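Asker: how would this look folded up:
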Amino acid sequence: MPQINTLEEAVEIAELFLHRYYPSRRLENVKRDDGQWVMEFDVGILSKEIVLIKLDAATGAVIAYEKPKHEKSPF
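Answerer: Below you'll find the model as predicted:
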């Protein structure tokens, strides 16, 4: 896999990975930290469900994935 140099490249790889599991994805947060791209996506349809994806910036490999964390509705 290629080195990831831009935010756009990192998001594209993460979305390709998430596409297999979630029909809906919206980027919530992204940062580059210590050779990794760390992203949070909301994959929920009716409620907010956050997944965490970490990519190795040098290889483009997914090195961590945390399943959805459900946020309680204020209602």
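Asker: where in this protein is pLDDT low?
Answerer: By pLDDT under 70, the low-scoring segments of the chain are 1, 69-75.
Asker: run through the strands of it in chain order.
Answerer: With strands called from DSSP state E, the chain shows them at 26-33, 36-42, 49-56, 62-70.
Asker: partner strands of the longest one, parallel or antiparallel?
Answerer: Under the criterion DSSP bridges, strand 62-70 sits next to strand 49-56 (antiparallel) in its sheet.
Asker: what comes into contact with the partner strand?
Answerer: Contacts with strand 49-56, where a contact means CB atoms under 8 Å, 6 or more residues apart in numbering, come from 4, 10, 13-14, 17-18, 22, 28, 35-43, 61-71. Backbone N, C-alpha and C define where each C-beta goes, glycine included.
Asker: mind listing residues that contact stretch 58-65?
Answerer: Counting by CB under 8 Å, 6+ apart, 1-4, 9, 13-14, 17, 35-36, 51-56 sit against stretch 58-65.
Asker: show me the beta-bridge partners of Met39.
Answerer: Taking DSSP bridges as the rule, Met39 bridges to Val30, Ile53.
Asker: which residues does it contact?
Answerer: 10-11, 14, 27, 29-30, 52-55.
Asker: which ChimeraX command selects the buried ones in the contacts of strand 49-56?
Answerer: Selection of buried members from the contacts of strand 49-56 for ChimeraX, criterion 16 or more other CB atoms under 10 Å:
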select :4,10,13,14,17,18,22,36,37,38,39,40,41,42,43,62,68
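Asker: picking up where we left off before, which of the contacts of Met39 count as buried?
Answerer: For these, buried by 16+ other CB under 10 Å: 10-11, 14, 52-55.
Asker: hang on, Val11 packs against Val30?
Answerer: Yes - using CB atoms under 8 Å, Val11 makes contact with Val30 at a distance of 7.0 Å.
Asker: now Leu18: how far from Tyr65?
Answerer: Look at Leu18 and Tyr65: by CB to CB, to the nearest Å, they are 9 Å apart.
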